[in-house]
Structures are given as structure tokens and as C-alpha cells.
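*Asks:* here is a sequence together with a model predicted from it:
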Amino acid sequence: METNLVQHLINATEKAANIARLCRSNEVLLKLLVQEKTGSEANERFEHDFKTLADVLIQETIKHDIGELFPALREAIKGEESPTFTSKEGETLTITVGATIEETARCLEAILNAEAAEALANEVHNNVVYEEELLGEIPTLPADLDYSNMGIWIDPIDGTAEYISGDSIFTNFPGITSTGLDCVTVLVGVYDRTTGVPVIGVVSQPFHNKLGENVYRSLVFWGISLPDFDLCANNCQFEYPTRDNRIGIFSSSENGDILQRIMDLGYEFAFAAGAGHKAVKVITWEVDLYLLSKGSTFKWDTCAPQAILRSLGGDIFSYRESINECKPMPLSYKELDNDLENKKCNKDGLIAVRDVSLLEDLLKKLAV
Ligand code: 2IP
Ligand code: CA
């Protein structure tokens, strides 16, 4: 297969989705996920829970697979979790993906029982090629694309609380789930390290299509936004819905005064979990707006959907900065030397849209 970064990111995302699904369908792993301690687990020595292990393993698998194919990118692949676990006695263990199933299983056995470790290691080393009609045609990337100037943010499982509980609640809007497995996403975003602009995004909903008991098929969205190379492509050409109302999607904890102002502009509201999930609803045009006034998302939550939205003429903007500057200010992934920890957080909130012209009224209305 041609070494096309987008196709390989999609394959890696699908492998991540397989690992996430395995943890919910395998009885031993599910028990660990919902923390029913059996007393016989080796992981009692370690302070982290199994949810974190699943996250770390998915993240390290994507890093391993993409790092091997694109060595220039390896050091710049970052995720939400640190791969190092610390035990109560101060002993440390770093989760690594080995060269073989056995090697990976051996590493996991320090935390899990042999059966669970082997099941996970098998999935980590499974050769996954995601081929799906809905993916559309993935273009060849420019030959002179500088991979050494790119960075990747991974959110291995966004909507972790939904992933663990699995309980679904629906909104009044068809197709929009408020809580539950449909709100879970895997997010992989690539950005230009010089400009801080997101350029490639892959977002998967591993539990979107339920085919049977514990059998799901992913829904995958991808986008490329490289205007300097005259290349914008995606598999998200959804038509604008034939509705005359505008819909906004929000976190259930959004500020009441802000919601009132948006309601005054005529928007209807959907409340749903998952930052990635809410951004997907903007991508599919099921809603017009995802707005969050608080700093409760991180670079790994927004990089992938922002790249996809940019490929569609939309974007994700900083909520507070845009209000202060009275113009749309896109979220940036520029790596600044100072204050690195703080820079991981989208501390000024966000506004995600496909139609950037919506910001004109919004910013006026939201300015204090
Ligand atoms: C969370 C997750 C939450 C979201 C929060 C994210 O990421 O997406 O659902 O809150 O902003 O950081 P809300 O659902 O209120 O929008 P994670 O699940 O990875 O911690
Ligand atoms: Ca997240």
C-alpha cells in the first residue's frame, strides 16, 4: 500500500476503535473497565485504573504504527496520557508496544492477568486496513510535504465517562445522542508546527453502527486542509439540511446567561457529551454551532475536528479571544517554549462552525 499518511491514520484509528470495542465486549476486560475488582488482579500494585491503561495502550499503538511508517513524525506524536504507570511503592512501568504479540503481552502482564494481556496484545498487533465505501477517494498527498514540521495530537478515547457507563439518553433531535456510546470518539489531528494550523484530521465513532450484541462498526470522518498545496478534501460533503431553524450543541454544564443570549438569536439547543462528538455534529451539519465558554477541552480534543472543519470552509475559534478581538480567532497549535502545560488546554473556550459567517451575530451578541 502506498504510504499515504491519511490512509494510515484511518487504519490506526480503526485499530484504536477495535481495542476500545474489545475492552467492552471481552468479559474480563469489561469487568476491569467498570472497576469490579476481583482481588486477584495484578494491577492492584499500580495506582492507575484500567480505563487509563486502555487509553494509554490505544495511544501508544497509534504512535507505534504511525511512527514506524513516518519516522520523521515519531517524536512529535503526543497524546492525553503519559505511558508511565507508578505503583504505590514508587515502582514505574512504561507501557510499550513491542515488536511481537508476545513482547507486548509480557509488558501488559505486569498490570493485567495473562488472558487479558494476550487478548489486548493480539488486537494491538492485528493488521487493520479500513476500507469502506463511505471513506471516499483519499487523494495522494504532495510529495514535498514536510513531515518533520508536523505534530500529531491524539485523544485515544474521548468521552471516557460515556465509554465506561455505556448508557444512552437521546435528545429531541433525531440522530443526536445526549449520552452513551455514540458520544465516544477517537481523535487524531495533524498540525503544522510552524504555523500552528491543523492540516489533517481523522475522527472515528467506534460505536456508531450497532450490528448486533457487542458488534459495532465505526463511522469515520477525515479531512485534509492544505490550501498552500491547493489541496482540500474530505469525506464530509453532507448537504445543508432542509430545516429553517438553527441548532446549537452544548455541554450540559454551559453557562445559563450565555445560553440565553444564543437563544435570543433564534437557536434551538441540543445538549450532549463528548467534545469530539459535538464537533462531529457540526461536521455533519446536524447542528450549526458548538460553543463552549469554559476551558474544559484540550488540544487533543480539537485538532482533528478543526482540520476537518477547515477542509469544509469552517473552523474552530477561541471563544474568549474572538469576543475580545471582535473577530473570529482560530484555535492554534503553535508550540511555545514557555507555559507548555497551560498551552495544552483550550483555556478560552471554543466556537465550532461550518459557516463562519454565523460568527458575526454571535460575537456581537456575546460581547459584554
Ligand atoms: C472530555 C469529554 C467530555 C467533555 C470534556 C472533554 O474528554 O469529551 O465529555 O465535556 O470537555 O475534555 P462535555 O461532555 O461536558 O463537553 P475525556 O473524555 O477525554 O476526558
Ligand atoms: Ca477528550
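*Replies:* Perfect, I can see it now. Ligands and ions are numbered 1, 2, ... in the order given.

*Asks:* average pLDDT across stretch 224-235?
*Replies:* Averaging pLDDT along stretch 224-235 yields 97.

*Asks:* find the nearest non-adjacent residue to the residue in the stretch 201-350 of the chain positioned nearest to ligand 1, please.
*Replies:* Minimum separation of the stretch 201-350 of the chain from ligand 1 (Cβ to the nearest ligand atom) falls at Ser251, amounting to 3.3 Å. C-beta coordinates here come from the backbone N, C-alpha and C atoms, glycine included. Residue nearest to Ser251 in three dimensions, not counting chain neighbours: Leu292, with 5.9 Å by Cβ to Cβ, 6 or more residues apart in numbering.

*Asks:* quick check, that neighbour in contact with Lys347.
*Replies:* No. With contacts counted by Cβ atoms under 8 Å, Leu292 stays clear of Lys347, the gap being 11.3 Å.

*Asks:* more neighbours, the two?
*Replies:* Neighbour count, other Cβ atoms under 10 Å: between Leu292 and Lys347, Leu292 has more, with 26 against 14.

*Asks:* relative to Glu137, how far out is the more buried one?
*Replies:* Plainly put, Leu292 is 33 Å away from Glu137 if you go by Cβ to Cβ, to the nearest Å.

*Asks:* now Leu291
*Replies:* Taken as Cβ to Cβ, the span from Leu291 to Glu137 is 33 Å.

*Asks:* the two: which has the busier surroundings?
*Replies:* Ranked by neighbour count (other Cβ under 10 Å), Leu291 and Glu137 place Leu291 first, with 23 against 6.

*Asks:* beta partners for that one?
*Replies:* Leu291 has the following beta-bridge partners by DSSP bridges: Ile351.

*Asks:* pLDDT score assigned to it?
*Replies:* On the pLDDT scale, Leu291 gets 98.

*Asks:* isn't it up against Ser251?
*Replies:* No. Applying Cβ under 8 Å, one finds Leu291 not in contact with Ser251, separated by 9.3 Å.

*Asks:* quick one: contacts of stretch 168-177?
*Replies:* If you take Cβ atoms under 8 Å, 6 or more residues apart in numbering as the criterion, stretch 168-177 is touched by 178-183, 247, 249, 270-272, 277, 281, 286-287.

*Asks:* avg pLDDT for it?
*Replies:* 87.

*Asks:* circling back to that earlier point, which of the contacts of stretch 168-177 fall within strands?
*Replies:* 178-179, 247, 249, 270-271 (DSSP state E).

*Asks:* does the closest residue to Asp348 other than its chain neighbours sit in a helix or strand, and which one?
*Replies:* Nearest-residue entry for Asp348: Arg320, 3.5 Å, with adjacent residues in sequence omitted and distances by Cβ to Cβ, 6+ apart. Counting by DSSP states H and E, the element that carries Arg320 is helix 319-325.
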